[in-house]
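What follows is a protein structure lacking sequence information:
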């Protein structure tokens, strides 16, 4: 199956598979942690039971997503030592401390307060519990901060020197952390996480609005509140995300122009007015984008804010510096396409809100339901654009991918890749199915939290008598 692949390509495929699988969960849990903080804050402020019910409903789902994110993330760290030992040696003095800061700040903060957040609602005061919820939400953001700082340094390295052994060593930590692309990528990624969560919450709310009627009471009330909050978040954040993406694109053009050339499908340079290629097939061998559907001069307008501005193409760069153009080209269009659909959903929901049809417009609810996975698709497509577009480098312009890999035989890497694929789809597939079963149940008045075994019962799993007795005892102690 893998005979035609060398060890480096297999190692890249393995890392791409594991990191793509992993980031599905943080992109959801970052936004969901903040949503939980908002729900609990609204409950404390207003005293309305509906907010507490929704908090407990989504807390069960957060616990599962957070746990799978942690487990899938641990696997990635081992690959730096197994498949990418040369990269670890060269870039370790910079990347290592950044990853350690993430553990010492974000992970310890999340781990320290997660137990209180999940099981302490009836065991500690309301204020302390809300502090725990805020701490977990802040911890997820801090985690994104350090991980993106490390990855952004690989995209736009700064604040370093190269020692006699060829290692990158930090000389200015502020320049390392706040490298040129980091602020733009942090904002874009966090907005993406919020949109991902809002789309999932909106899809769940839409699902239950389609299945229930207002006369059925509590379940429909919860669906209404979550759907309204989700559509409000999408209406606000979707336009901001487009602006953030535009700014990141301009930053990428400044520091990684070859990546933008691949995103645009521009094999040739334009002295004036580069077209925006909407669709086409980039043929890297011949250096032509075939079957191109173009808007004249639009690319110059977007990237240079001038219709007649010149833009360089890949023909101005040595072919050895080209990334896989077709992958970057299409991944970028998938991301933009998902963003366009999110903006359309925001516009429809705003119209429904203004015309007072937010809860009784089935077409909107079906649209929101179909858009549930769109955030995950956009996030993965964005990361593919970013990471594949950086090729052939791991540290842009300084360390090539082929020089970063460990000296391994292809069969060894292929075996571990196959093992990852099988285990990931079994373990995390079961986890995702479990989460979907929880989501399929509507929120109820007096919703029970994780401490009472409700996740198992909601998913159709009956705890054993011993477990049920233990859970009941815990509830009585509370």
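Happy to help now that I have it. Small disclaimer: the values here were computed from a predicted structure and weren't measured. Residues are numbered from 1 along each chain as shown.

Strands of this protein, residue ranges please.
With DSSP state E applied, the chain shows strands at 160-162, 168-170, 276-283, 288-295, 393-395, 399-400, listed in chain order.

Among these, show me which one is buried the most.
Mean neighbour count (mean count of other CB atoms under 10 Å) peaks for strand 393-395 among the strands of the chain, with a mean of 22. C-beta coordinates here come from the backbone N, C-alpha and C atoms, glycine included.

Report the distance from it to the chain centre.
21 Å (CA atoms, centre = their mean, to the nearest Å).

Could you do stretch 80-90 as well?
25 Å.

what does stretch 234-247 give?
15 Å.

Go through that stretch and flag the buried ones.
For stretch 234-247, a neighbour-count test (16 or more other CB atoms under 10 Å) marks 234, 235, 237, 238, 241, 242, 244, 245 as buried.

which pair in these spans the largest distance?
Farthest apart among the buried residues of stretch 234-247 by CB to CB are 235 and 245. That separation is 17.1 Å.

And for residue 444, the neighbour number?
17 (other CB atoms under 10 Å).

scratch that, residue 132
21.

Look up the closest residue to residue 292, ignoring the ones flanking it.
With CB to CB, 6 or more residues apart in numbering as the criterion, residue 292 has its nearest non-adjacent residue at 3.7 Å, and that residue is residue 280.

hmm, I was thinking of residue 211
residue 442 (7.7 Å).

Give me the phi and psi angles of that neighbour.
phi -70, psi 160 (degrees, to the nearest 10).

Make 29 the first number, not 1, from now on.
Sure, I'll start counting at 29 from here, so that last one is residue 470.

list the contacts for it?
By CB atoms under 8 Å, 6 or more residues apart in numbering, the residues touching residue 470 are 236, 239, 240, 247, 248, 250, 251.

Share the number of residues neighbouring the spatially closest residue to the last one that is not a sequence neighbour, please.
In this case it means residue 251. Nearest residue to residue 251 in three dimensions, chain neighbours excluded: residue 236, at 3.7 Å (CB to CB, 6+ apart). Residue 236 has 23 neighbours, counted by other CB under 10 Å.

distance of residue 236 from residue 478?
From residue 236 over to residue 478 the distance is 21 Å, taken as CB to CB, to the nearest Å.

hmm, back to that, what separation is there between the residue nearest to residue 239 and residue 85?
Taking CB to CB, one finds residue 470 at 9 Å from residue 85.

what's the answer for residue 428, then?
49 Å.

ok, now residue 273?
Distance from residue 273 to residue 85, by CB to CB: 32 Å.

Check residue 103 too.
Taking CB to CB, one finds residue 103 at 30 Å from residue 85.

more neighbours, those two?
Neighbour count, other CB under 10 Å: between residue 103 and residue 85, residue 85 has more, with 25 against 16.

What backbone torsions are found at the closest residue in space to that one that isn't next to it in sequence?
Nearest in space to residue 85, with sequence neighbours left out and distances taken as CB to CB, 6+ apart, is residue 471 at 4.2 Å. When read as degrees, to the nearest 10, the backbone of residue 471 gives phi -70, psi 140.
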